[in-house]
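[1] For reference, the sequence and a predicted model appear below.
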Amino acid sequence: MKSVAFLLIWAQSVSAFSTIKPVVARSTPKNSLVTPPVSSSTSLNVADLDTVALVAGQENYGFAAVALGEALWSFAQAPSFSNAKVFIPAAIAAGVLGAVSGPMITSGDASTVALGLEVATGVTVLLGASYLARLLAPFSPSPKEITFLGLLFAIAGFIAFSQNLVVDGFVTLPNLPSIPLPQIPLGLGEDIDTSYGL
């Protein structure tokens with residue numbers, strides 16, 4: 001029964017983090033009086049924003065379910081009052097993901113979606129730190145394998161949320177100035193004696 005529950009949680013979490021983002025291409029004829037919109041780092045096309053809201057919302061709610069599922073499984077392996085502490089970070093993370101960042105991500109407003117993604121990214125970092133602390137603890141009443149799997153999902157959630165922030169244009173990373181590199185003569189064979197053996 002425990003393995004069936006684990007497989008269901010695993011299948012849900014894998015489907016939540018597998019993102020497929022369609023590319024929407026729009027073109028205007030050369031002789032058209034309508035000019036294509038200029039994209040900036042803070043505005044997205046409507047179709048793109050809807051796609052981001054759908055995909056990131058699924059990732060957000062899926063990660064909340066994974067966090068609660070991991071805590072439930074860890075508690076079920078060694079049910080005790082002292083082991084109930086595994087619910088604290090999971091419940092806080094699921095509450096923030098479900099009640100704060102989830103509605104923000106699925107709102108459809110670009111600035112609200114960006115803030116929701118930032119909140120979800122922060123939650124993945126904090127929950128990952130909680131998993132890491134549990135892994136480094138000298139004693140654990142339940143096996144640490146599922147905690148390690150939770151850490152992997154926290155890393156995957158961080159990558160997914162931060163990727164949505166950067167790729168979809170909510171956050172722009174600074175460009176480094178180009179640094180002139182020294183030229184090193186490579187000796188491309190101009191001074192090689194090719195008369196050897198003739």
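    Thanks, I have the structure now.
[2] looking at this structure, which helix or strand does the model trust least?
    Using mean pLDDT, DSSP states H and E, helix 2-17 stands out as the lowest-scoring helix or strand of the chain, at a mean of 51.
[3] List the buried residues of the helix or strand following it.
    Next in sequence after helix 2-17, counting helices and strands by DSSP states H and E, comes helix 46-77. Of the residues in helix 46-77, 48-49, 51-53, 55-75, 77 count as buried by neighbour count, 16 or more other CB atoms under 10 Å. (Glycine included, C-beta is placed from N, CA and C.)
[4] and residue 96, how far is that from residue 160?
    16 Å (CB to CB, to the nearest Å).
[5] Likewise for residue 115?
    Taken as CB to CB, the span from residue 115 to residue 160 is 17 Å.
[6] quick one, which of the two is more surrounded?
    Per other CB atoms under 10 Å, whichever of residue 115 and residue 160 has more neighbours is residue 160, with 24 against 17.
[7] what's the angle from whichever strand or helix holds the more buried one to helix 46-77?
    Element membership for residue 160 (DSSP H and E) is helix 145-167. In terms of direction (axes from the mean of the first three to the mean of the last three CA atoms, to 10 degrees), helix 145-167 departs from helix 46-77 by 170 degrees.
[8] who does helix 145-167 touch, helix- and strand-wise?
    The contact analysis (3 or more CB pairs under 8 Å, 6 or more residues apart in numbering; DSSP states H and E) places helix 145-167 against helix 2-17, helix 46-77, helix 110-136.
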